[in-house]
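[1] just to be clear, the model below is a prediction. Sequence and coordinates:
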There are 4 protein chains.
Amino acid sequence: MKTMKAAVFLAKDKIELREVGKPEPRAGEALVEITLTTICGTDVHILRGEYPVAPGLTIGHEPVGRIAALGAGVEGFSVGDRVVVGAITPCGRCRACLSGAPSQCSHGGDRYEALGGWRFGNTINGCQAEYVIVPDAQANLAVIPDDLTDEDVVLCPDIMSTGFSAAERGRVKIGDAVAVFAQGPIGLCATAGAKLCGASLVIAVDRIPQRLELAKRMGADVVLDFTQQDVVAEIKRLTGGGADVTIEALGTQATFESSLRTLRPGGVLSSLGVYSGHLQVPYDAFGAGLADQSIVTTLCPGGKERMRRLMSVVRGKAFPFRELVTHAFRLDDIVAAYDLFANQRDGVMKVAIRP
Amino acid sequence: MKTMKAAVFLAKDKIELREVGKPEPRAGEALVEITLTTICGTDVHILRGEYPVAPGLTIGHEPVGRIAALGAGVEGFSVGDRVVVGAITPCGRCRACLSGAPSQCSHGGDRYEALGGWRFGNTINGCQAEYVIVPDAQANLAVIPDDLTDEDVVLCPDIMSTGFSAAERGRVKIGDAVAVFAQGPIGLCATAGAKLCGASLVIAVDRIPQRLELAKRMGADVVLDFTQQDVVAEIKRLTGGGADVTIEALGTQATFESSLRTLRPGGVLSSLGVYSGHLQVPYDAFGAGLADQSIVTTLCPGGKERMRRLMSVVRGKAFPFRELVTHAFRLDDIVAAYDLFANQRDGVMKVAIRP
Amino acid sequence: MKTMKAAVFLAKDKIELREVGKPEPRAGEALVEITLTTICGTDVHILRGEYPVAPGLTIGHEPVGRIAALGAGVEGFSVGDRVVVGAITPCGRCRACLSGAPSQCSHGGDRYEALGGWRFGNTINGCQAEYVIVPDAQANLAVIPDDLTDEDVVLCPDIMSTGFSAAERGRVKIGDAVAVFAQGPIGLCATAGAKLCGASLVIAVDRIPQRLELAKRMGADVVLDFTQQDVVAEIKRLTGGGADVTIEALGTQATFESSLRTLRPGGVLSSLGVYSGHLQVPYDAFGAGLADQSIVTTLCPGGKERMRRLMSVVRGKAFPFRELVTHAFRLDDIVAAYDLFANQRDGVMKVAIRP
Amino acid sequence: MKTMKAAVFLAKDKIELREVGKPEPRAGEALVEITLTTICGTDVHILRGEYPVAPGLTIGHEPVGRIAALGAGVEGFSVGDRVVVGAITPCGRCRACLSGAPSQCSHGGDRYEALGGWRFGNTINGCQAEYVIVPDAQANLAVIPDDLTDEDVVLCPDIMSTGFSAAERGRVKIGDAVAVFAQGPIGLCATAGAKLCGASLVIAVDRIPQRLELAKRMGADVVLDFTQQDVVAEIKRLTGGGADVTIEALGTQATFESSLRTLRPGGVLSSLGVYSGHLQVPYDAFGAGLADQSIVTTLCPGGKERMRRLMSVVRGKAFPFRELVTHAFRLDDIVAAYDLFANQRDGVMKVAIRP
């Protein structure tokens, strides 16, 4: 049996590079040789045992690579094609996919299954490895145009798709005021997404100067350091009573609550954060339930058409997405990469991992 | 100065019928002689001091009557016209109204003001009186067709408008499964609203047999008594994993949480309840914020076109709205009416109050 | 080789029952033994040579039957399951399917292909036969609940799905006034669809008394015979200046133009008709392009979740869908069935065809 | 009686500067002293007798100025405030305004009236004058921020509002391909609007090199000269089968038809043109009515909140709107301005008119 290297979750605080069996694609699947991938905040949750996955699972859900083999029935692609695949791999044929909720995919089935579309590094082996099996390949392989490099598209699978979805699901439109809480990679892409949807006043909130600087170049009209001022009061002042849309991009009670307190009556709080424990919705910030406000949540949209669209945005060169990748490691050094990334040292935003 | 009788909030637990000055309409206003009104659950909150209003204010926000006088600039109406007016009276000319959130009206202004559209019996005198002043009359007077009685339309200002809005804001569509938690007057109208929007499986939850019986006639396909069974499990079973839309029609943590636990991934929780204290959103019921779920809230839509549409639904006779009015009192006896209604005695749903 | 009977298009005006090879399902496909099907107006266009298909093709796109065999990779179904399949069979994995236009499916591909989702009896063999191959079976086989008969669901594949879609795409909502032009089977289902979406004034237009009678039972509040009165003027009178949504359910210049002339400013003309030749949009009826009006077209939504939803509507028994099937024939007599149906003799609406 | 200068339509081909009575504001109105206005293509239609208005009417619907006097009941504004007013002046209180179609306003009434919101220079005196009366002033006066000049905002009333609306009504979203036919002032703003809504491939079509150059700076990724190539074929090639949204910005059969022929199945044709005569919808370009395509039309959105939002876009400085104003005239010379503009001499785009 052929083998390959893969970053495997073994136990809490233990992800290691192991030699594992190299898989072969079954009908409907593709085998992709990874040329570039990255580490996500969610992977750190897995590492720390905060999000449970099966010991022995290969981690990672942001694959860029080349088609190494195609299973039966996958048509229109060739071995050698450069492809990017979304973190979420909807099947297109289950009840959720056919009901407009493909990220909640149940793989052909007839019952809804929360988060079911997230398979890589969650319920099947992921892409921090030399190779990965792509399920439902017909719906999920997106060919990379020749004029884009691997580095150009490595944020498409999750960071851009998730970040933009905040603005899309929040229905940001021309002339809106939008506040974005937290300017990590996803928050920065949410900032860009708000601008892409036509917001004329994008307010980015964080505390790290480097991130606030980058936020400006990602489209923020105003940046606020929450350690230096009362951002709730300032956002209300800037917007005449509250933003049309507020975006929560961290997953804490504090950012959620600020998102609600800065939302205008009739506005939409678009939430990207992964929460743990009970979230509190303060009565007063919520108009007692009578303020015509909405709270919407989104799991990263996937599928090949989503990837195609995100790549078309990258080609427009309107935002410095590339600068979000601040460090590079070989796959062999992935344990060191996790160490840097998990501890947020050295101004790290995203790390490139190359097998 | 002429006087009239009015139900006035004086202090906690003290609403009394008083003789007060009869008002005259200024420019843009109308004076309406009340022929029928009713008491709302919100009025009981006011009575109990749970929702603060100024002592001396006339209570009530569900007016049916005849135009007694028209202020300058109100055109297309005549003294004597029978009219119904929404509980919420948007001005049509402020930032909120022009931004699609008329219930959050700021009366011509440029700042958002939560709940600002609710004026009757909240920030101006209400309609549990012989006469009421209707602000922004051009936008708010809806003429009652001759073939409808006062009793036919008395639920339009609040109960029907609020109840239906749950289904509308939840975007209920043909073939949806919808669960409605609590079958008071508003919950019953939410049940009818879900059916009106095309739901094919409407599940109504309550514990009072009389209300569950009425729910069936208001469109429920299935009724569940939460004291007799695990409704969360049963709804998940009936819907194959969760309802497309769930409706919270009471305003408690328990009903909110059940609404969330019975919601499918990708579904919408449409909330009508008036909450107090912190609402808890349990992490597990919410897919950790990754289940593509939405929570939407709505304040009763108002305005004359809304009233016209609701009256057109009444004319269709598809639902027994009239049966929701279970008791009748003269305005002179309104203190007794409050006593009956606030204590939910004698199977009361809504009480007709006639000056 | 095994054979089976099938209604085959041979040439203009020539559809005959032939003995043809019985197919076997490939990977991803299913073989369904037909127990009930019907003839569509589109089939008559094919018969008359007005819509071109390849000579030798088996006609028919409304299949009800039992799974006879499953190809590799189709999971969650069993041989013997009773199923209904939509007229349109989206793959769920092409660019159109992933962009929200599954009826324009390109079978896994990356280019848009108009009408591509319509395969049965158009680009692949159809179901006026003893057996039919269902492509993309995972997305398209819908199991029939035990309490529904074949007759209950035979209108789901096309007639109900198309008819309801007129109201859905027209965004009919609670309190709307809707005019439906032509009350053939699809127009009658559009009438029901408008009611299902909450319209309070549904106006059905035709000239055949029997159809107008049936329209009333399908939800029409008012029926108008266009040979007896000026329906444009009457609809404008009834609606106060124009309907919120008008539905064209025939495919002629006259019905299209009436739909436009009875549409209010800001309204939606929802078109179901199959047009030939140039359609004319009269300048005056269209507000010179400045009346905020929309014209939307729809090709019958398909897929298993659509079928499941339509069956859930049938179970509600709110409309007499069954009465639309007025005649029954054996497959052996299909030529006679075409003759009756194409010539609209004997008050025929839909014919049941049983192999 | 005081008088003022005004450009008055007298007869076909005859608009002259006249001395007319200076009006006074009634209740609900404001008198605005014009400091800057411009001429619209529609005004040229009026001049040529192609769009009928009453002889004696003052023309012009794009006012920038200062409040000179306020009628009774207009609150929150002061004499001297610098304001811009939309070309369309909705009342906020009629059936159309309360139904989401404010440009079709009927001024408080209960019947729909096509184009009713367009009053300036159409049904009431316009703003090519020293003063103009603003009806429904509470809903229509938008205060200009101090950091914007008159020149900055003169395109807001019509050109920007109309141009952007094409993308908004077409529901342009992140990653869309959009083709815009004709690059006059409105087409150029439609190009910017498509970019503002997130389109990643905006294709601008015209034949005048100067306009195509400007189109690039207004956001076009590709510009095509229809006299030099087959733009339909080229757009299909660039988009993989058709654009997601196509925008018609001229009002001719040729541009309309090209917009349809370059539209993908499931796409939206967003039409801004003012048509005369019968528009033809070719059967083949329209998928015989089965391609899930939509045609939407829009009349320039107005109201003070719309103006506020457009001004917030101007402040973002992302597009060179100012360059669209190519010439300037004194009001005294307006006949010369009409002559230049109507004959499209000297590369004119928009002319500034200053009383």
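    Perfect, thanks for sending it. Numbering: from 1, shown residues only, chains lettered A, B, ... in the order given.
[2] please make it C-alpha for all contacts and neighbour counts, starting now.
    OK.
[3] close to chain C: what parts of the stretch 51-200 of chain A are there?
    Residues of the stretch 51-200 of chain A lying close to chain C (Cα under 8 Å from any Cα of the partner chain) are A:73, A:75-76, A:91-95, A:97-99, A:108-109, A:138-139.
[4] do that again at 10 Å, thanks
    Counting by Cα under 10 Å from any Cα of the partner chain, the stretch 51-200 of chain A comes close to chain C at A:72-77, A:90-100, A:102, A:107-110, A:136-140, A:142.
[5] shaky segments in the stretch 201-350 of chain A?
    Within the stretch 201-350 of chain A, no stretch has pLDDT under 70.
[6] which single residue in it comes nearest to chain C?
    Closest to chain C within the stretch 201-350 of chain A is residue A:305: 5.9 Å, counting by Cα to the nearest Cα.
[7] Provide the secondary structure category for that residue.
    Three-state assignment for residue A:305 (DSSP: H, G, I helix; E, B strand; the rest coil): helix.
[8] contacts only, for it.
    Residues in contact with residue A:305 (Cα atoms under 10 Å, 6 or more residues apart in numbering or on different chains) are A:86, A:139-142, A:311, C:93-99, C:110, D:175.
[9] which of those residues are buried? Put it as a ChimeraX command.
    Buried residues within the contacts of residue A:305, by 16 or more other Cα atoms under 10 Å in any protein chain shown, are selected in ChimeraX with:
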select /A:86,139,140,141,142,311 /C:93,94,95,96,97,98,99,110 /D:175
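[10] where is pLDDT lowest across the contacts of residue A:305?
    In terms of pLDDT, residue C:110 ranks lowest among those, with 88.
[11] between the contacts of residue A:305, which sits nearest residue A:67?
    Closest approach between the contacts of residue A:305 and residue A:67, by Cα to Cα: residue A:141, at 8.9 Å.
[12] in contact with that closest one: list those residues for me.
    Counting by Cα under 10 Å, 6+ apart, residue A:141 touches A:29-30, A:32, A:67, A:74, A:77, A:81-86, A:89, A:134-135, A:303-305, A:307-308.
[13] give me the subset of those residues lying in strands.
    Residues of these located in strands (DSSP state E): A:30, A:32, A:67, A:82, A:83, A:84, A:134.
[14] quick check: bridge partners of the fourth one?
    Just to be clear, that refers to residue A:82. residue A:66 (DSSP bridges).
[15] I figured it hits residue A:67, correct?
    Yes: here residue A:82 reaches residue A:67: they are 6.6 Å apart, a contact under Cα atoms under 10 Å.
[16] residue of the stretch 101-250 of chain A closest to chain C, please.
    Closest point on the stretch 101-250 of chain A to chain C, by Cα to the nearest Cα, is residue A:139, at 4.3 Å.
[17] contacting residues for that residue?
    Contact analysis of residue A:139 by Cα under 10 Å, 6+ apart lists A:28, A:74, A:85, A:89-92, A:302-305, C:91-95, C:97-98, C:108-109.
[18] can you give me phi and psi for it?
    Backbone torsions for residue A:139, taken as degrees, to the nearest 10, come to phi -90, psi -10.
[19] with adjacent residues omitted, what lies nearest to it?
    Counting by Cα to Cα, 6 or more residues apart in numbering or on different chains, residue A:139 lies nearest to residue C:93, which is 4.3 Å off, once chain neighbours are set aside.
[20] that neighbour: what's it in contact with?
    Neighbouring residues of residue C:93 by Cα under 10 Å, 6+ apart: A:90-93, A:136-140, A:303-305, C:99, C:102, C:105-110, C:136.
[21] quick one, strands of the stretch 101-250 of chain A?
    Secondary structure of the stretch 101-250 of chain A by DSSP state E, counting those that start in this stretch: the strands cover A:131-134, A:142-143, A:177-181, A:201-206, A:222-225, A:243-248.
[22] those: which one's closest to residue D:152?
    Smallest distance to residue D:152 across these (Cα to Cα): 17.7 Å, for strand A:201-206.
[23] format the strands of the stretch 101-250 of chain A as a markdown table; extra columns: distance to residue A:52.
    As requested, those are arranged in a markdown table below (distance: least, Cα to Cα, whole Å):
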| stretch | distance to residue A:52 |
| --- | --- |
| strand A:131-134 | 21 |
| strand A:142-143 | 29 |
| strand A:177-181 | 27 |
| strand A:201-206 | 29 |
| strand A:222-225 | 34 |
| strand A:243-248 | 23 |
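[24] and the nearest residue to residue A:137 once chain neighbours are set aside, what is it in contact with?
    With sequence-adjacent residues excluded and distances taken as Cα to Cα, 6+ apart, residue A:137 is closest to residue A:29, at 5.0 Å. The neighbourhood of residue A:29, defined by Cα under 10 Å, 6+ apart, consists of A:69-74, A:133-138, A:140-141.
[25] pull stretch A:107-115 out as CSV, backbone CA atoms only.
    Below are the C-alpha coordinates for stretch A:107-115, written out as CSV (Å, rounded to 0.1, in the frame of the first residue of the first chain):
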residue,chain,number,x,y,z
HIS,A,107,-25.1,13.6,1.5
GLY,A,108,-28.1,12.5,-0.5
GLY,A,109,-30.4,12.0,2.5
ASP,A,110,-33.8,13.1,3.5
ARG,A,111,-33.2,14.4,7.0
TYR,A,112,-31.6,17.6,7.9
GLU,A,113,-28.2,17.4,9.6
ALA,A,114,-26.7,20.5,11.1
LEU,A,115,-23.2,21.4,9.8
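[26] what does the stretch 251-355 of chain A put close to chain C?
    A:302, A:303, A:304, A:305, A:306, A:308.
[27] how about the first one, phi and psi?
    When you say that, I think you mean residue A:302. Dihedral angles for residue A:302 - degrees, to the nearest 10 - are phi -120, psi -160.
[28] so what's it up against?
    Residue A:302 sits next to A:85-90, A:102-103, A:117-118, A:139-140, A:156-158, A:161-162, C:98 when contact means Cα under 10 Å, 6+ apart.
[29] type out the PyMOL command that picks the buried ones from those residues.
    In PyMOL, a selection of the buried entries from the contacts of residue A:302 looks like this (16+ other Cα under 10 Å):
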select buried, (chain A and resi 85+86+87+88+89+90+102+103+117+118+139+140+156+157+158+161+162) or (chain C and resi 98)
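[30] go through the contacts of residue A:302 and flag which are in helices.
    Judged by DSSP state H, the subset of these located in helices is A:139, A:140, A:161, A:162, C:98.
[31] which one of these is nearest to chain D?
    residue A:161 (10.6 Å).
[32] confidence score at the closest one?
    98.
[33] for it, give its distance to residue A:95.
    22 Å (Cα to Cα, to the nearest Å).
[34] with residue A:252 instead?
    Taken as Cα to Cα, the span from residue A:252 to residue A:95 is 32 Å.
[35] who's in contact with residue A:303?
    By Cα under 10 Å, 6+ apart, residue A:303 lies in contact with A:84-92, A:102-103, A:136-142, A:157, C:93-95, C:98.
[36] try 8 Å this time
    Counting by Cα atoms under 8 Å, 6 or more residues apart in numbering or on different chains, residue A:303 touches A:85, A:86, A:88, A:89, A:90, A:139, A:140, A:141, C:98.
[37] now for the closest residue to it other than its chain neighbours: which residues touch it?
    Nearest residue to residue A:303, sequence neighbours excluded (Cα to Cα, 6+ apart): residue A:140, at 4.7 Å. Counting by Cα under 8 Å, 6+ apart, residue A:140 touches A:85, A:86, A:89, A:90, A:134, A:302, A:303, A:304.
[38] before we move on, what about residue A:15?
    A:7, A:8, A:9, A:47, A:335.
[39] next one: the last one from residue A:14, what distance?
    Same thing as residue A:335. 9 Å.
[40] now do the second one
    Noted for residue A:8: a distance of 8 Å to residue A:14, by Cα to Cα.
[41] pull the most distant pair out of the ones in helices among the contacts of residue A:302.
    Maximum pairwise distance in the ones in helices among the contacts of residue A:302, criterion Cα to Cα, is 18.6 Å, between A:139 and A:162.
[42] how is chain A divided into domains?
    Chain A breaks down into these domains under automatic domain parsing: A:3-159+A:300-354, A:164-297.
[43] quote the end-to-end distance of the first one.
    Using Cα to Cα, the end-to-end distance of domain A:3-159+A:300-354 comes to 18 Å.
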